[in-house]
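>>> Sharing a sequence plus its predicted fold:
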Number of protein chains: 2
Amino acid sequence: MQTELTPVSLKITQQRINAYAEITGDPNPIHLDAAFAAKTEMRGIIAHGTLSMNLILRAVAETFGPDACDGAEMDIRFVKPVRVDDTVTASGKHDPAETGRYNVQVTNQAGEPVIVGWIRPTRASR
Amino acid sequence: MQTELTPVSLKITQQRINAYAEITGDPNPIHLDAAFAAKTEMRGIIAHGTLSMNLILRAVAETFGPDACDGAEMDIRFVKPVRVDDTVTASGKHDPAETGRYNVQVTNQAGEPVIVGWIRPTRASR
C-alpha cells in the first residue's frame, strides 16, 4: 500500500487558461475576460476547476499506473479560486480509516488549499 | 429552484485529447499512444476524465452563472471510459431529497453513463 501519492505541479498561466477554454469549448468569461471577471464576486479571473483537479488524477496515475483512474470515485470541494500565474500542486495521503482511499488536496504556491477531498483509485485496492 | 441543469455536449476527438494532454502537462500514454493503450486493461485510448467532468461544471455555470462552481462540492465516479470520437453530454436534475444538490451524469452518444454523481453548486442554494 502506497502511503502517499506522487505530487504533481502545474503553473496556471493565462495562456494555459485560454487554451483550456478553447479545448473544452468553455466560453465562460470568468476565465477569459479580466474586465468582466473583476465585476463578479470572484473579483478577477479564475482558472477552470477541472484544470487543477486534473492534477489529482495525474498524481494517481503516476503513483498507480496509467489506468488507475478508470472506475475511480472522488469527492472534492473547490475551496479557493486558482488565480492567473498560481502554481498548484496535487498531493495525497492514504486514509488509514478508509482502506484504498486517499485524502487529496491541491494547494497553491502559498500552501493554501484550492481543492480538498478524497479519491479511491481502482488500482490502489487491487 | 432550477429542476434541471442546462445540458452541455462535446465531441472528444484525438486532436482534442492531444491538446488537452499538452495543456495539462499530462504525459500519460493511455491518452496518446494507441499501441501502448491497446496493451492495457483499457484496450485502447481513453480520454482524460476531467475533460468530460468539465462539462458538469459548464452545465452548472450555464444554469446558475459564471461563478456558480466556486466553492462547489461534488462526488463523482468514472463508470465507463470515454473513447476517441465519443460525443459526451453532461446533464443534471435537482435531488428533491437534498436541497441544492443536483444528481449529474455525463453520457456518451449511446446514452451510456461515463460519469455519475452529484454536485452542490454555490449559487443554487442562495
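Sure, I can see it.
>>> Buried ones in the biggest helix by length in chain A, by neighbour count?
Scanning chain A for the helix with the most residues, using DSSP state H, yields helix A:49-64. For helix A:49-64, a neighbour-count test (16 or more other C-beta atoms under 10 Å in any protein chain shown) marks A:49-64 as buried. C-beta coordinates here come from the backbone N, C-alpha and C atoms, glycine included.
>>> Contact partners for the residue sitting nearest the centre point of chain A?
With distances taken as C-alpha atoms, centre = their mean, residue A:53 lies nearest the centre of chain A, 2.2 Å away. By C-beta atoms under 8 Å, 6 or more residues apart in numbering or on different chains, the contact list for residue A:53 reads A:76, A:106, A:115, B:50, B:53.
>>> Am I right that the fourth one is in contact with residue A:55?
No - distance between residue B:50 and residue A:55: 9.2 Å, which falls outside the contact criterion (C-beta atoms under 8 Å).
>>> count of residues packed around the closest residue to residue A:84 other than its chain neighbours?
Excluding its sequence neighbours, the residue lying closest to residue A:84 (C-beta to C-beta, 6 or more residues apart in numbering or on different chains) is residue A:14, at 4.9 Å. Burial of residue A:14 is recorded as 14 neighbouring residues (other C-beta atoms under 10 Å in any protein chain shown).
>>> Just the terminal-to-terminal distance for stretch A:8-27.
27 Å (C-alpha to C-alpha, to the nearest Å).
>>> Contacts for it next, please.
With contact meaning C-beta under 8 Å, 6+ apart, stretch A:8-27 is reached by A:28, A:31-32, A:45, A:47-48, A:50-52, A:55, A:58-59, A:62, A:82-90, B:10, B:16, B:19-20, B:23-25, B:51, B:54-55, B:58.
>>> ok, back up a step: could you redo the contacts of residue A:53 as a markdown table and give each row pLDDT and distance to residue B:70?
Below are the contacts of residue A:53 laid out as a markdown table (pLDDT from 0 to 100; distance: C-beta to C-beta, whole Å):
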| residue | pLDDT | distance to residue B:70 |
| --- | --- | --- |
| A:76 | 97 | 13 |
| A:106 | 98 | 14 |
| A:115 | 98 | 11 |
| B:50 | 95 | 17 |
| B:53 | 96 | 16 |
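>>> got those residues as JSON lines, with distance to residue B:3 columns?
As requested, those are exported to JSON lines (distance: C-beta to C-beta, whole Å):
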{"residue": "A:76", "distance to residue B:3": "25"}
{"residue": "A:106", "distance to residue B:3": "32"}
{"residue": "A:115", "distance to residue B:3": "28"}
{"residue": "B:50", "distance to residue B:3": "27"}
{"residue": "B:53", "distance to residue B:3": "22"}
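>>> between the strand or helix carrying residue A:74 and helix A:49-64, how many degrees?
Using DSSP states H and E, the element containing residue A:74 is strand A:73-78. Between strand A:73-78 and helix A:49-64, the angle comes out at 140 degrees (axes from the mean of the first three to the mean of the last three C-alpha atoms, to 10 degrees).
>>> Strand A:73-78 and chain B, are they touching?
Yes - Strand A:73-78 reaches chain B (C-beta under 8 Å from any C-beta of the partner chain) through A:73-78.
>>> I'd like to know which of these are buried.
Buried, going by 16+ other C-beta under 10 Å: A:73-78, out of the residues of strand A:73-78 next to chain B.
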